[in-house]
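S.K.: give me the fold of what follows.
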Amino acid sequence: MTKILIVKLSSLGDIVHTLPMVLNLKKAYPESEIHWLVTRSFANILKNVRQIDKIHFFERDRWRGMKNTISNLSEICALLKTLKQENYDIVIDYQGLFRSGLATFATRAPRRIGFQNAREFAYLAYNERVLPKSIHAIDKNAELTTKVTNQPCIIQFPEIINLKNKAKSLKITDNKNYIALLPGARWDSKRWPIENFLALTQLLPNENFLLLGSKAEQPLEEYFSAQQNTTSLIGKTSLSELAAILQQTKIAICNDSGPMHLAVAVNTPVIALFGPTDSKKTGPYGDQNFVLQANVPCHPCRNKVCKKKDWCMKKITPQQVVDIIHDLQQ
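M.R.: Model prediction:
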């Protein structure tokens, strides 16, 4: 039996980008045991993937920063010792940062594979390296996987939804054909104005909309309080439940965010609203998805905050989104 460890700690979108690799590894090594090292807050997405045999937790929230690293050094060392004792045959670092490289090196696995251009000197942890030629993050991961398996990599997402969450999602959607709205994003500059999301619900009064997001987005609910065609579940779902609900919606309209990639993983068509980031690198993967991005000379700037009054996300109009929705429904 071949023991394989996937090292991908965060974030949600990056973890989703790595999910198809599990199926390819299992195909190449059908008798393998696959483990995954991940930040605890994202583990729920992995727990329903039947091809993953074990999950190790990297406590990023408690270990973040030099002070917390020092105070929790014994826990960190215990994790590294546990990883070494697993006696992995293959360890693949899809993250490419110092902390993931450290975990990879600590395993002392005979095959430690990662990106040649990994940041923060993580590449020093690997004894096999790949210099990616692809642009999109999923395709880069596929190159790394091909190095391991010596087989072409097929991009297919594993099942990430259990029966309990599926039943709950069916009860929530109640046979209505909802369009999911996900107005959140980690950067201010990535967020389409909430007024535009509201205008969208007003332009399509005969559609049913489902407002989704984390507790951090709960203040946005007040914008839709008078909209009879909009139901809010913001802050009321776990990641696993969010995935199940997204699977039941007919379209998901999202900023560049982790939930956008989650919608792709459950095969829901996505209309992605892009601003400061490059959709060619991290856009929704697949032919059924659409990207709206303003044509501005400063793109992609990757600035987390934009000081321009008429910034790129504001240039995307609700009518543009409506036109794509109509195209999808024809």
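S.K.: partner strands of the longest strand along the chain, parallel or antiparallel?
M.R.: In the chain, taking DSSP state E as the definition, the longest strand is strand 33-39. If you go by DSSP bridges, strand 33-39 pairs up with strand 3-7 (parallel), strand 54-58 (parallel).
S.K.: report the buried residues of the last one.
M.R.: If you call a residue buried by 16 or more other CB atoms under 10 Å, then strand 54-58 has these buried ones: 55, 56, 58. Just so you know, the C-beta spots here come from the backbone N, C-alpha and C atoms, and that holds for glycine as well.
S.K.: any idea how far residue 104 is from the residue lying farthest from the centre of the chain?
M.R.: Using CA atoms, centre = their mean, the residue of the chain lying farthest from its centre is residue 226. It sits 31.7 Å away. Between residue 226 and residue 104 the computed distance is 52 Å (CB to CB, to the nearest Å).
S.K.: could you say which helix or strand holds residue 145?
M.R.: Residue 145 is part of helix 137-149, with elements assigned from DSSP states H and E.
S.K.: now do that helix against strand 3-7, angle only.
M.R.: Angle of helix 137-149 versus strand 3-7, following axes from the mean of the first three to the mean of the last three CA atoms, to 10 degrees, is 160 degrees.
S.K.: looking at helix 137-149 now, give me its mean pLDDT.
M.R.: In this model, helix 137-149 carries a mean pLDDT of 98.
S.K.: which neighbouring elements make contact with that helix?
M.R.: Packed against helix 137-149 by the contact rule (3 or more CB pairs under 8 Å, 6 or more residues apart in numbering; DSSP states H and E) you find helix 12-28, strand 90-93, strand 111-115, strand 128-130.
S.K.: recalculate using a threshold of 10 Å.
M.R.: strand 3-7, helix 12-28, strand 90-93, strand 111-115, strand 128-130, helix 258-265, helix 279-282 (3 or more CB pairs under 10 Å, 6 or more residues apart in numbering; DSSP states H and E).
S.K.: how about the ones you listed in a markdown table, adding distance to residue 221 and mean neighbour count?
M.R.: As requested, the helices and strands packed on helix 137-149 are exported to a markdown table (distance: least, CB to CB, whole Å; neighbours: other CB atoms under 10 Å):
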| stretch | distance to residue 221 | mean neighbour count |
| --- | --- | --- |
| strand 3-7 | 37 | 25 |
| helix 12-28 | 22 | 21 |
| strand 90-93 | 40 | 27 |
| strand 111-115 | 41 | 22 |
| strand 128-130 | 45 | 16 |
| helix 258-265 | 16 | 26 |
| helix 279-282 | 28 | 16 |
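S.K.: circling back: let's have the buried residues of strand 54-58 in TSV, adding pLDDT and distance to residue 33.
M.R.: As requested, those are exported to TSV (pLDDT from 0 to 100; distance: CB to CB, whole Å):
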residue	pLDDT	distance to residue 33
55	98	12
56	98	13
58	93	19
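S.K.: for residue 137, state which of those is nearest.
M.R.: For the buried residues of strand 54-58, the minimum distance to residue 137 (CB to CB) is 19.7 Å, reached by residue 58.
S.K.: that closest one is in contact with residue 79, isn't it?
M.R.: Yes: using CB atoms under 10 Å, residue 58 is in contact with residue 79, at 7.1 Å.
S.K.: which neighbours do the two have in common?
M.R.: With contacts taken as CB atoms under 10 Å, 6 or more residues apart in numbering, residue 58 and residue 79 have 37, 103 as neighbours in common.
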